[in-house]
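just the structure for this:
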Amino acid sequence: MATKPQHVAAHGDGTLGVVDAFAAMQKASRRRVVLVTALLAASALLAVGVAARVVWVHSLDGTNLVWNLFLAWVPFVLALLVYDGERRGLSAWPLLALGAAWVVFLPNAPYIVTDGKWLGEYVGGSLAYDAVLIGAAAAIGLALGFVSLYLVQVVVARRLGALAGWGVVSAALVLSGVGVYLGRFERWNSWDVVTEPSKVMGQLLAAVLDPLAHARPIGLATVFAAALGAGYALFYSSFRAQLRRLHDR
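Residues are numbered from 1 along each chain as shown. As a prediction, this is how the structure comes out:
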């Protein structure tokens, strides 16, 4: 009597094995849908809270939170494109292009934390209510940034190894620290990298060549980067098991 191959017997039959694999992929995809839905719901709730404040005090103060949160979604979406592109076998150059865009926009996610400077500065309203709005926006922005960082780390680790993945994380956090400083104190935005690249690179190169003359910006950027690094380490250690379930393979 003929016997079934071991890999078929393990599932009962070949068809069942394919069904099991497909079901596992669908389950992982549903987890990602749940995550994205939760982040969208939180963002929408924040927008409603800001709109209520506008109606209540007849002032547009606080609407900057909605715009900044929108910008925080950009690196998250780009990271999803990188992750899904790698999973579907996208070649290296398109992935690098998406990754470069992701790096440019990543500082927009943690930047919202610096909106805490506006607490007590908004016209009218309640200090406690404003604190909740700003705190919620900062938390959502950090979540978007850290999840996007994790997705890119996974892609790099798959292609080049775990050490390279952490190297990209470290570089991205340093650049984000610089980006947060430039956005808050120099009033630059992500588009300046495209529209005025010579200006951006010139100022960065000046800081590298003469660090003593740029001690304050370098110090602040370092503090921001260190804080983001500590935050990501806490995020990674706390949610690593849950994040792994988002993988489609």
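
list the buried residues of the one helix or strand Leu71 maps to.
For Leu71, the host element (DSSP states H and E) is helix 63-87. Within helix 63-87, the residues that count as buried by 16 or more other CB atoms under 10 Å are 65-66, 68-69, 71-76, 78-83, 85-86. The C-beta positions use only the backbone N, C-alpha and C, and glycine is treated the same way.

with adjacent residues omitted, what lies nearest to Val57?
Nearest residue to Val57, sequence neighbours excluded (CB to CB, 6 or more residues apart in numbering): Gly124, at 3.5 Å.

now the residue nearest the centre of the chain: which helix or strand?
Centroid-nearest residue in the chain: Gly145, 2.0 Å away (criterion: CA atoms, centre = their mean). Assigned by DSSP H and E, Gly145 falls within helix 127-160.

mind checking what helix or strand follows that helix in sequence?
Next along the chain after helix 127-160, taking DSSP H and E as the criterion, comes helix 162-185.

if we can go back for a sec, which element is the residue nearest to Val57 on?
Of the helices and strands defined by DSSP H and E, none includes Gly124.

next, count neighbours for it.
Gly124 has 11 neighbours, counted by other CB atoms under 10 Å.

my guess is it contacts Val55, does it?
No: counting by CB atoms under 8 Å, no contact exists between Gly124 and Val55, whose distance comes to 11.5 Å.

okay, now the unreliable bits of this protein?
1-29, 186, 188, 190-204, 206-214, 246-249 (pLDDT under 70).

in the helix or strand where Ala221 lies, which residues are buried?
Taking DSSP H and E as the definition, Ala221 sits inside helix 215-244. Residues of helix 215-244 classed as buried: 217-218, 220-221, 224-225, 228-229, 231-232, 235-236, 243 (neighbour count, 16+ other CB under 10 Å).

about what we covered before: packing partners of the helix holding Leu71?
helix 14-57, helix 92-105, helix 108-111, helix 127-160 (3 or more CB pairs under 8 Å, 6 or more residues apart in numbering; DSSP states H and E).

could you redo the last one with a cut-off of 10 Å?
The criterion is 3 or more CB pairs under 10 Å, 6 or more residues apart in numbering; DSSP states H and E, and the helices and strands that helix 63-87 contacts are helix 14-57, helix 92-105, helix 108-111, helix 127-160, helix 162-185.

Arg187: what secondary structure?
Look at Arg187: counting by DSSP: H, G, I helix; E, B strand; the rest coil, its state is coil.
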